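Asker: Next input, structure requested:
(one chain, ligands or ions: 1)
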Amino acid sequence: MDVIIDFKNVSKSFGHHPVLNKVDLSIPSGEIFGLIGPSGSGKTTLIKIFIGLESLSAGEVSFKGEEIKAIPFYKKIGYMAQSDALYEELTAYENLQFFASIYGLKKKERKQRIEEVMKTVDLLDHLKKPVHLYSGGMKRRLSLAIALLHDPEVLILDEPTVGIDPVLRKEIWAQFQKLKKHGRTLLITTHVMDEAERCDRLALLRDGKIIANEKPESITESFQVSSIEEVFLKSEVSNI
Ligand SMILES: Nc1ncnc2c1ncn2[C@@H]1O[C@H](COP(=O)(O)OP(=O)(O)OP(=O)(O)O)[C@@H](O)[C@H]1O
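Answerer: Residues are numbered from 1 along each chain as shown. Reported below is the predicted structural model:
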């Protein structure tokens with residue numbers, strides 16, 4: 001397997017509070033990788049370390065074999081944070097134009113890409129609407145559109161479908177599969193267990209440690225349960 005993102009022995013503390021404890025995690029290229037774990041287990045912190053939004057206390061993180069500090073890699077990464085970072089007073093179109101310029105998209109490409117990504121998230125009819133008039137789910141979808149704008153190699157999506165209804169969630173997952181087919185790598189955190197089951201591989205984080213890292217069906221097998229939801233519940237109860 002080709003590893004695209006590699007966490008080696010990564011630890012992180014906030015003051016005296018340890019959050020990640022010697023995490024080793026290799027994300028294979030071209031797959032949908034799910035990161036699950038209870039609230040506060042360190043999922044967002046791990047992602048933020050990769051993006052460069054948090055420093056690490058110990059360990060190393062590499063992207064395609066290069067230490068992340070050493071490379072200006074942000075153009076290769078699409079990041080959707082857990083809370084939407086949008087300019088509320090601007091329209092969706094203006095938000096997208098702004099991010100397109102940050103990503104360095106050429107003017108000619110911008111219009112086409114904006115239309116493509118807004119079609120993907122089913123918001124094409126709402127391009128000219130100011131973001132403060134969007135619903136929560138629409139804002140989430142706009143954030144996803146922004147993450148997709150520059151057609152990045154890797155997509156880091158922190159709870160991407162929160163507030164999105166089941167029909168649209170299904171469509172968005174179909175888009176994730178399509179992106180994978182085109183060779184993209186997706187790293188997704190989720191609390192939605194049926195989404196976790198759709199990932200190619202899943203890591204289960206608990207108290208800052210990876211306690212499982214396998215295909216969803218292998219995880220259910222090794223926990224001797226029939227669904228990821230039960231794995232989650234069992235790991236909570238048994239203090240593994
Ligand atoms: N900047 C910070 N300063 C201090 N503590 C922090 C900071 N960021 C996160 N933490 C703490 O680190 C722990 C892990 O937080 P993190 O957001 O990584 O969890 P999570 O697994 O993503 O949770 P959730 O599923 O609720 O999003 C929590 O106890 C949180 O309070």
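Asker: residues in contact with H191?
Answerer: 36, 39, 159 (Cβ atoms under 8 Å, 6 or more residues apart in numbering). C-betas here are computed from N, CA, C, even on glycine.
Asker: Do a quick rundown of the strands in this structure.
Answerer: 3-14, 17-28, 32-36, 58-63, 66-67, 77-80, 154-158, 185-189, 201-206, 209-214 (DSSP state E).
Asker: who wins for proximity to Q224 among those strands?
Answerer: Each of the strands of the chain has some distance to Q224 by Cβ to Cβ; the shortest is strand 209-214, at 12.6 Å.
Asker: Mind checking if that closest one is in reach of the ligand?
Answerer: No: applying Cβ under 6 Å from any ligand atom, one finds strand 209-214 separated from the ligand by no less than 12.1 Å.
Asker: and that strand, which strands flank it?
Answerer: Neighbouring strands of strand 209-214 in its sheet, by DSSP bridges, are strand 201-206 (antiparallel).
Asker: ok, the residue positioned nearest the centre of the chain - contacts?
Answerer: Computing the C-alpha centroid of the chain and ranking residues by Cα atoms, centre = their mean puts L157 first, at 1.8 Å. Counting by Cβ under 8 Å, 6+ apart, L157 makes contact with 80, 144, 147, 186-189.
Asker: what about the chain, any weak spots by pLDDT?
Answerer: 70-73, 237-240 (pLDDT under 70).
Asker: The closest residue to F99 other than its chain neighbours: what's it in contact with?
Answerer: Nearest residue to F99 in three dimensions, chain neighbours excluded: I146, at 4.9 Å (Cβ to Cβ, 6 or more residues apart in numbering). I146 sits next to 80, 86, 95-96, 99, 117 when contact means Cβ under 8 Å, 6+ apart.
Asker: Check the burial of E116 by counting its neighbours.
Answerer: 15 (other Cβ atoms under 10 Å).
Asker: what residues does the chain put near the ligand?
Answerer: Residues of the chain lying near the ligand (Cβ under 6 Å from any ligand atom): 14, 19, 37, 39-45, 82.
Asker: just checking, what's the longest helix in this structure?
Answerer: Taking DSSP state H as the criterion, the chain has its longest helix at helix 166-181.
Asker: buried residues in that one?
Answerer: 168-169, 172-173, 176, 179-180 (16 or more other Cβ atoms under 10 Å).
Asker: Just the closest of those to F223, please.
Answerer: Of the buried residues of helix 166-181, the one sitting nearest to F223 (Cβ to Cβ) turns out to be W173, at 23.8 Å.
Asker: Out of the buried residues of helix 166-181, the closest to the ligand would be?
Answerer: Using Cβ to the nearest ligand atom, R169 comes nearest to the ligand of the buried residues of helix 166-181, at 17.8 Å.
Asker: Give me the distance between the closest one and Q175.
Answerer: Plainly put, R169 is 11 Å away from Q175 if you go by Cβ to Cβ, to the nearest Å.
Asker: do K106 as well
Answerer: Taking Cβ to Cβ, one finds K106 at 24 Å from Q175.
Asker: swap in L105?
Answerer: Taking Cβ to Cβ, one finds L105 at 19 Å from Q175.
Asker: cool, and E115?
Answerer: Taken as Cβ to Cβ, the span from E115 to Q175 is 15 Å.
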